[in-house]
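Undergrad: what's the 3D shape of this:
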Amino acid sequence: MKCFCDEKQKDPSFSKTEEFEGRRTAGGELDEYPICETYISDTFKGRVLGMAMSVIIVATNFILRMIMISLIKWIGEDTYSQQLKSITNGIFIV
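TA: Sure thing, here's the model as predicted:
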């Protein structure tokens, strides 16, 4: 379906809502359905969902990182280098 709809979209007279012949109904008439509209819609929804998941993961990582840094600074370490080491290890684990 991908190759078919991608090739059809190159045609300037093509409409994604154009209906294509499907299988025959019980009465012998052709059942028509917008095959490329469904494909294009599903492709768009997949891209939006993928981007949304990426944003959610980045936001969650940012929030967890800020929480981890705040907790380690609140706990406190003897030296600054120990504190940086704890922050680095904590963020890696998170």
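Undergrad: mind checking the SS state of the residue of the chain positioned farthest from its centre?
TA: Of all residues in the chain, Asp78 sits farthest from the chain's C-alpha centroid, using CA atoms, centre = their mean; the distance is 43.6 Å. Secondary structure assignment for Asp78 (DSSP: H, G, I helix; E, B strand; the rest coil): coil.
Undergrad: how close does it get to Thr88?
TA: 16 Å (CB to CB, to the nearest Å). All C-beta atoms are positioned from the backbone trio N, CA, C, and that covers glycine.
Undergrad: and Asn61, by the same measure?
TA: From Asn61 over to Thr88 the distance is 15 Å, taken as CB to CB.
Undergrad: same deal with Glu77?
TA: If you measure Glu77 against Thr88 using CB to CB, the figure is 12 Å.
Undergrad: so which of those two has more stuff around it?
TA: Glu77 (14 against 11; other CB atoms under 10 Å).
Undergrad: contacts only, for that one.
TA: Under the criterion of CB atoms under 8 Å, 6 or more residues apart in numbering, the neighbours of Glu77 are 83, 86.
Undergrad: longest helix anywhere in the protein?
TA: When every helix of the chain is counted residue by residue (DSSP state H), the longest turns out to be helix 35-75.
Undergrad: for it, name the packing helices and strands.
TA: The contact analysis (3 or more CB pairs under 8 Å, 6 or more residues apart in numbering; DSSP states H and E) places helix 35-75 against helix 2-10, strand 20-24, helix 80-93.
Undergrad: and it, what's its mean pLDDT?
TA: Along helix 35-75, the predicted local confidence has a mean pLDDT of 90.
Undergrad: so how far is it off the chain centroid?
TA: Centroid displacement of helix 35-75 relative to its chain, using CA atoms, centre = their mean, to the nearest Å, is 8 Å.
Undergrad: tell me, how many residues neighbour Met66?
TA: Met66 has 10 neighbours, counted by other CB under 10 Å.
Undergrad: and Ile67, how far from Gly90?
TA: Applying CB to CB to Ile67 and Gly90 gives a distance of 10 Å.
Undergrad: my error: substitute Asp42 in the last question.
TA: 41 Å.
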